[in-house]
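Engineer: My questions concern the predicted model and sequence given below.
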Amino acid sequence: MESRTREERLISLAAAIGCIIDAKMAMLQSTGATPDIAALACMRWKLTKAVCNFRWFLTASLHPGAGASGSPHARLIAEMDELHATLRAYVSCWSAGDNAARWNEYRTAAVSMLEDTGALVRRATTEAQRLMRR
């Protein structure tokens, strides 16, 4: 059985999110005649699962050192909780409608969400690495 450090697992989880974001961005920027709504929905759920796994890992890895509510550990976990809530709201909004009919609105919302998610995951990864090394 392969044994990886917490930091290696963190990097692996963040990389998986990055791959999903890159794949979905490529789909959103495709100039095809009709968007592949089913594939985009699948990517939405893959991203949700990957972010949930990342959030769970951070919570499990950092919780013992979280200490006071204002600690760096607690702030990082709170940021991930906010990202998870934002992502859940995005999924709820765009899972119940005809995204092809609202393609421009959907694409704008998706690109914004993906960019924000990517930036937060990169920032969280860097901060978590710093905290894990302490």
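Structural biologist: Arrived safely.

Engineer: Show the residue spans covered by the helices in the chain.
Structural biologist: Here the chain has its helices, by DSSP state H, at 6-29, 37-62, 72-94, 103-133.

Engineer: Let's have those helices in CSV, adding mean neighbour count and mean pLDDT.
Structural biologist: Quick note: C-beta positions are derived from backbone N, CA and C, even for glycine. Putting the helices of the chain into CSV (neighbours: other CB atoms under 10 Å; pLDDT from 0 to 100) gives the following:
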stretch, mean neighbour count, mean pLDDT
helix 6-29, 16, 95
helix 37-62, 17, 91
helix 72-94, 16, 90
helix 103-133, 16, 94
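
Engineer: Return the residues in contact with the residue nearest to the spatial centre of the chain.
Structural biologist: The centroid of the chain falls nearest to residue 51 when counting by CA atoms, centre = their mean (3.9 Å). Listed by CB atoms under 8 Å, 6 or more residues apart in numbering, the contact set of residue 51 reads 17, 83, 84, 87, 117, 121.

Engineer: So the third one is in contact with residue 53, correct?
Structural biologist: No. The pair residue 84 / residue 53 is not scored as a contact, 10.8 Å apart, by CB atoms under 8 Å.

Engineer: Export the contacts of residue 51 as JSON lines, with columns for distance to residue 59.
Structural biologist: Shown next, in JSON lines, are these (distance: CB to CB, whole Å):
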{"residue": "17", "distance to residue 59": "16"}
{"residue": "83", "distance to residue 59": "12"}
{"residue": "84", "distance to residue 59": "10"}
{"residue": "87", "distance to residue 59": "16"}
{"residue": "117", "distance to residue 59": "17"}
{"residue": "121", "distance to residue 59": "14"}
